[in-house]
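Visitor: sequence first, then the predicted structure, then my questions.
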Amino acid sequence: MKRNSSVIFLLTLLFTTLAMAVMGFHPGFEDDGIYLSAIKKRLNPALYPHDSDFFRFQMQATLFDNWIAGFVRWTHIPLAWAELFWQVASIALILYGCWAIARRLFPEARAQWAGVAMVAAMLSLPVAGTGLYLVDQHLHPRTMATAFILLAVERVLARRKGQAALLLALAFLLHPIMAALGLSFCIFLAMALLNENKDGTKNLLQNCLQFAMKRQGTTSVVPKTAFCDSGFSRCGISNIRKQRYAGAKAQDLLVELAARLKLCPDASRNLHGILQEAPRMNPTPTLATKTKASRGWGTRWQGSTIAVAFIPLGWVFDPPNPIWRQAVLMHNSLCLYHWAWYEWLGAVAPLGLFWLLSRMAHRQGDRLLQRFALAVAAYGAFQLALAMTLLAIPSLIRVAPFQPMRFLHLIYFFLTLMAGCLLGRYLLKASLWRWAVYLAAINGGMFLSQWMLFDNSYHLELPGRAAANPWLQAFDWVRQKTPTDAYFALDPEYMAAPGEDYHCFRALAERGMMADNIKDPAVVTQIPELALQWARDVKARQGWKSFQRADFERLKAEFGVDWVIVSDPAPMGLDCRWHNGSLTVCRVP
């Protein structure tokens, strides 16, 4: 057992390292502009005196910023290293959760680790039209919540209700929306397991063989090594053959057992070998097995009453602010009926694939895999129907920012995991060269895509590494050389500028800034009260590229801006303090 645990730990660590090398690490990228700014505000309340509302309100529903800030205070580890640590730890937990789920569904170790390898390589896979990745290239509360959700799913498969509930509660503390979707899937999975054989394959096999030996006058105990957690598998059959449990009674019981459990082909062939070794005797009446009530999830759900808490949701029907509506329409991921055909295909096709997987598993007698696949398909169909209904009603547009299509995130994790497991079972097997080609293909392709996406930044932006990106160089100078209460103006589209690679000034420079027109609109969709400020900030900088000294002085008079970052060379009349050939940091007179 200790040796197996060490192997699991080492393989998980290996695939975690490989995942980080393929996906890269980019603090301050996209959403990290919200989360990293909030953490820094927790650690230094003097930061962001002008614009903290653009991350503070959104963080009220999560303890993520408190968690990381508390970890930094407790350990005295610099924030940059703490963020890297939790990114690695979260990925390791995700991969361990995937392995734990695969272990419940696939008895072959090669299938389990092929699934983990696929997930590790595909962490930066986009999820249909949702605008999400499986895992972001920076620390995100969704990543940490996903790890707990996957572990909770495995606990549901293991019939550990209390442990699953605890893990889901931890996910709720970090990302309530993703945790709610995880809870929804766990309910579907628990319902799919309701009619599963009450004793389970292992207990039924053990009871049958024990009964047969007692009828033959045998008092020896069937060794536990004869049974595997995955059920009546090759290793269980092999050990049973070695013990030579035979005789007419055992033969009849095994025949009945094979029919009832619909054994997989490998187990059936081994069972045939056992029967060939058994003495040829006249058949006797078979045993009518009687199962006892399950102590798992199934019976606890049967006959139970679910209490529903009604929360006032009148705000959903309030007429939306036109500026807020404009911010929503800027994000295609929030507008389901604006999706392209291939995005719809990415939403619907996985449901059909899991339905096909459930049929295949049913034909092979793999009950647990069948029910798992059926639960995924049913969960996806329900959530898709719910999302289509809510987003089709104009008066419910206020629901759009909750992104009901986020349910695809968990389905894509399962899709990636199952694809890898099936490849490991049916294609890779024990062939070393096939494994080499498999790992090279999936990791090489995803590495190349990430390398091209961040072509002006280091693939791994590790703490202490000097920035190669001219924008990040400017942000570093601002953080070190300007006052804490400095208020900056930049091009409202600066994140989309060539070479910027969508890094957030607010998070990396640790200074306040006027609202941008790339990432801050997403915050506005969540916090409608910020819509007016966002619109005023963006409108005031129209024609930014042609701004002169008088325009910057107007920004200072109206908004309190005292610093700007502009293209080099800067307009005449500004007090410029630093430049790098591409950008100039100037103080407004």
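Guide: Now that the structure is in, tell me what you want to look at. Quick caveat: nothing in here was measured; it's all calculated off a predicted structure. Numbering: from 1, shown residues only.

Visitor: domains in this protein, by residue range?
Guide: Here the domain assignment for the chain is 2-30+77-195+338-387+397-429, 200-277, 470-587, based on automatic domain parsing.

Visitor: got these as JSON lines, with distance to residue 61 columns?
Guide: C-beta here means a position set from N, CA and C on the backbone, and glycine is covered the same way. JSON lines is the format used below for the domains of the chain (distance: least, C-beta to C-beta, whole Å):
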{"stretch": "domain 2-30+77-195+338-387+397-429", "distance to residue 61": "5"}
{"stretch": "domain 200-277", "distance to residue 61": "38"}
{"stretch": "domain 470-587", "distance to residue 61": "9"}
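
Visitor: strands of the protein, start to end?
Guide: 126-127, 132-133, 487-489, 512-513, 563-567, 575-579, 583-587 (DSSP state E).

Visitor: could you list the low-pLDDT ranges of the stretch 251-400 of the chain?
Guide: Scanning the stretch 251-400 of the chain for pLDDT under 70 picks out 251-318.

Visitor: what about the helices in it?
Guide: Remark: helices assigned in the stretch 251-400 of the chain by DSSP state H, counting those that start in this stretch are 265-277, 297-301, 322-329, 341-363, 367-392.

Visitor: ok, which of these comes nearest residue 578?
Guide: Minimum separation from residue 578 across the helices of the stretch 251-400 of the chain (C-beta to C-beta) falls at helix 322-329, 33.3 Å.

Visitor: now the domains of the chain as TSV including mean neighbour count?
Guide: Listed next are the domains of the chain as TSV, based on neighbours: other C-beta atoms under 10 Å:
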stretch	mean neighbour count
domain 2-30+77-195+338-387+397-429	20
domain 200-277	17
domain 470-587	18
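
Visitor: on that earlier part again, out of the strands of the chain, flag the one nearest residue 339.
Guide: For the strands of the chain, proximity to residue 339 was assessed by C-beta to C-beta; strand 126-127 is nearest, at 12.4 Å.

Visitor: which stretch in the domains of the chain is the model least sure about?
Guide: Mean pLDDT per stretch puts domain 200-277 lowest among the domains of the chain, at a mean of 44.

Visitor: now distance to residue 67 too, for the strands of the chain, in a markdown table please.
Guide: Formatted as a markdown table, those follow (distance: least, C-beta to C-beta, whole Å):
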| stretch | distance to residue 67 |
| --- | --- |
| strand 126-127 | 25 |
| strand 132-133 | 21 |
| strand 487-489 | 29 |
| strand 512-513 | 24 |
| strand 563-567 | 32 |
| strand 575-579 | 35 |
| strand 583-587 | 33 |
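
Visitor: now the helices of the stretch 251-400 of the chain as a markdown table including distance to residue 400?
Guide: Shown next, in a markdown table, are the helices of the stretch 251-400 of the chain (distance: least, C-beta to C-beta, whole Å):
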| stretch | distance to residue 400 |
| --- | --- |
| helix 265-277 | 49 |
| helix 297-301 | 32 |
| helix 322-329 | 6 |
| helix 341-363 | 16 |
| helix 367-392 | 6 |
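
Visitor: to residue 124, which of these lies closest?
Guide: With C-beta to C-beta, the closest approach to residue 124 among those belongs to helix 341-363: 15.5 Å.

Visitor: from the rest of the structure, what touches that closest one?
Guide: 127-129, 339, 367, 369-371, 373-374, 376-377, 380-381, 384, 405, 408, 411-412, 414-415, 418 (C-beta atoms under 8 Å, 6 or more residues apart in numbering).

Visitor: now stretch 44-51: buried residues?
Guide: For stretch 44-51, burial by neighbour count (16 or more other C-beta atoms under 10 Å) applies to 47-48, 50-51.

Visitor: take those and write them to TSV, including distance to residue 536 and pLDDT.
Guide: Output for these, formatted as TSV (distance: C-beta to C-beta, whole Å; pLDDT from 0 to 100):
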residue	distance to residue 536	pLDDT
47	23	96
48	18	95
50	13	93
51	13	92
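
Visitor: roughly how far does residue 480 sit from residue 563?
Guide: From residue 480 over to residue 563 the distance is 14 Å, taken as C-beta to C-beta, to the nearest Å.

Visitor: sorry, back to before: quick one, which of the strands of the chain gets closest to residue 117.
Guide: Nearest to residue 117, of the strands of the chain and by C-beta to C-beta, is strand 132-133 at 18.0 Å.

Visitor: which strands or helices does the closest one pack on?
Guide: On a contact count with 3 or more C-beta pairs under 8 Å, 6 or more residues apart in numbering; DSSP states H and E, strand 132-133 meets strand 126-127.

Visitor: how far off centre is the strand it packs on?
Guide: 11 Å (C-alpha atoms, centre = their mean, to the nearest Å).

Visitor: and that strand, what other elements does it pack with?
Guide: Using 3+ C-beta pairs under 8 Å, 6+ apart: strand 126-127 touches strand 132-133, helix 408-423.

Visitor: pull the residues that contact it.
Guide: With C-beta under 8 Å, 6+ apart as the test, strand 126-127 has contacts from 132-134, 346, 408-409, 412.

Visitor: ok, of those residues, which one's closest to residue 502?
Guide: Closest to residue 502, out of all of the contacts of strand 126-127 and judged by C-beta to C-beta, is residue 133, at 12.9 Å.
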